[in-house]
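1. Turn this into a model:
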Amino acid sequence: MKALVTGGGGFLGKAIVRMLLGQGTEVCSFSRVSHAELETLGVEQRLGDLADGNAVVAATADCDIVYHVAAKAGVWGPYREFYRANVLGTENVIQACRTHSIRRLVYTSSPSVVFDGRDMEGVNESVPYPDHYHAFYPQTKSVAEQFVLQANGPALATVALRPHLIWGPEDNHLVPRILERGRKGALRRIGTRECLVDTIYIDNAARAHLQAAEHLDVGSAVAGKAYFLSQGEPLPLWDVVNRILAAGGVAPVSGTISPGLAYTVGWLLEKIYGLLKLPGEPRMTRFVARELSTAHWFDLAAARADFGYAPEVSFDEGMVRLKEWLATTD
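-> Modelled structure (predicted):
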């Protein structure tokens with residue numbers, strides 16, 4: 001068995017690579033740049049851009065399964081960049097699988113593909129895609145997910161996994177952003193309502209990808225389906241944020257602003273950044289305002305039934321591991 005992991009040098013991709021190696025699978029990684037840690041692990045690195053169809057075809061040669069993890073994430077940036085990586089890149093991966101008669105494709109999606117700005121409380125996979133998105137990331141990931149599910153057929157089995165807010169040691173996105181803003185005193189609680197959210201620890205997210213792959217084949221129960229993934233432990237959003245801050249030795253969030261004001265500020269900052277072509281990203285956007293003032297937790301029954309998903313690392317244990325890792329990075 002030989003697996004290709006797109007984005008193998010990223011946070012989730014690297015965790016998947018390690019688990020595959022641990023079970024004796026030969027692994028290749030596809031990304032734009034080489035990663036020293038993958039080299040140390042003895043992983044073959046095939047370099048290129050997802051938007052380059054020829055490069056993707058070359059990268060998938062002699063592989064039996066593809067884990068398509070790579071994507072452009074974020075809440076701000078030009079549409080064309082999100083489209084190239086998330087939509088065109090995914091189309092190229094699907095075509096490459098067909099070119100080489102690869103039978104299995106595991107795609108990393110996101111619950112944001114079905115987020116319409118309102119509470120998502122215990123929803124299952126029947127919730128529809130919304131008509132409008134407040135950010136290019138969920139918009140393009142939605143298109144890509146639908147392409148993956150539509151590609152499922154008699155020659156290629158596909159599955160889309162939707163892990164929510166992945167965190168843990170070596171996180172280079174969520175945890176660092178929270179800690180950086182917390183240290184600057186730039187975090188504000190949005191609203192006073194206790195909105196429950198569910199997250200997922202990195203090892204649980206990676207293991208779920210391998211579990212889904214083990215059950216994936218043409219005509220199998222998981223083929224052509226999307227699945228929510230999380231801890232199964234919904235907690236108040238700002239409790240989660242404050243636990244991450246505490247793990248990094250940062251004071252909890254104290255200030256509060258209303259959801260309406262946050263949304264208005266986000267809309268205004270988006271206009272200013274767009275008109276003036278300012279570098280970086282706004283401190284607030286409409287998408288972030290909605291995300292931080294609504295509930296996000298999911299019915300995991302389908303993943304449990306179809307491929308045996310069961311988080312092995314609890315939220316509390318994950319926090320212990322995160323704190324220990326953060327202590328080594330100071």
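
2. remind me which residues of the stretch 101-250 of the chain are low pLDDT?
-> Within the stretch 101-250 of the chain, no range satisfies pLDDT under 70.

3. Tell me where it has strands.
-> 104-108, 120-123, 157-163, 166-167, 189-190, 196-197, 200-201, 225-229, 235-236 (DSSP state E, counting those that start in this stretch).

4. Mind listing residues that contact the last one?
-> When contacts are defined by CB atoms under 8 Å, 6 or more residues apart in numbering, strand 235-236 is touched by residues 194-198, 315. All C-beta spots, glycine's among them, are computed from the backbone N, C-alpha and C.

5. contacting residues around Pro282?
-> Per CB under 8 Å, 6+ apart, neighbours of Pro282: 76, 266, 269-270, 272-273.

6. Taking those residues together, which two end up most distant?
-> Farthest-apart pair in the contacts of Pro282 is Trp76 and Ile272; separation 12.0 Å (CB to CB).

7. Looking at these two, which one has more neighbours?
-> Per other CB atoms under 10 Å, whichever of Trp76 and Ile272 has more neighbours is Trp76, with 17 against 11.

8. isn't the more buried one right up against Arg283?
-> No. Contact criterion CB atoms under 8 Å: Trp76 and Arg283 do not qualify, at 10.4 Å.

9. follow-up on the earlier one: list just the one of the strands of the stretch 101-250 of the chain that sits closest to Pro252.
-> Checking those against Pro252 by CB to CB gives strand 189-190 as the closest, at 9.5 Å.

10. how distant is that closest one from the center of its chain?
-> Relative to the centre of its chain, strand 189-190 is centred 23 Å away, using CA atoms, centre = their mean, to the nearest Å.

11. Quick check: neighbours of it in the sheet, parallel or antiparallel?
-> Strand 189-190 has the following sheet partners, assigned by DSSP bridges: strand 256-257 (parallel).

12. which element is Arg46 on?
-> strand 44-47 (DSSP states H and E).

13. just checking, what's the longest helix in the protein?
-> In the chain, assigned by DSSP state H, the helix with the most residues is helix 259-276.
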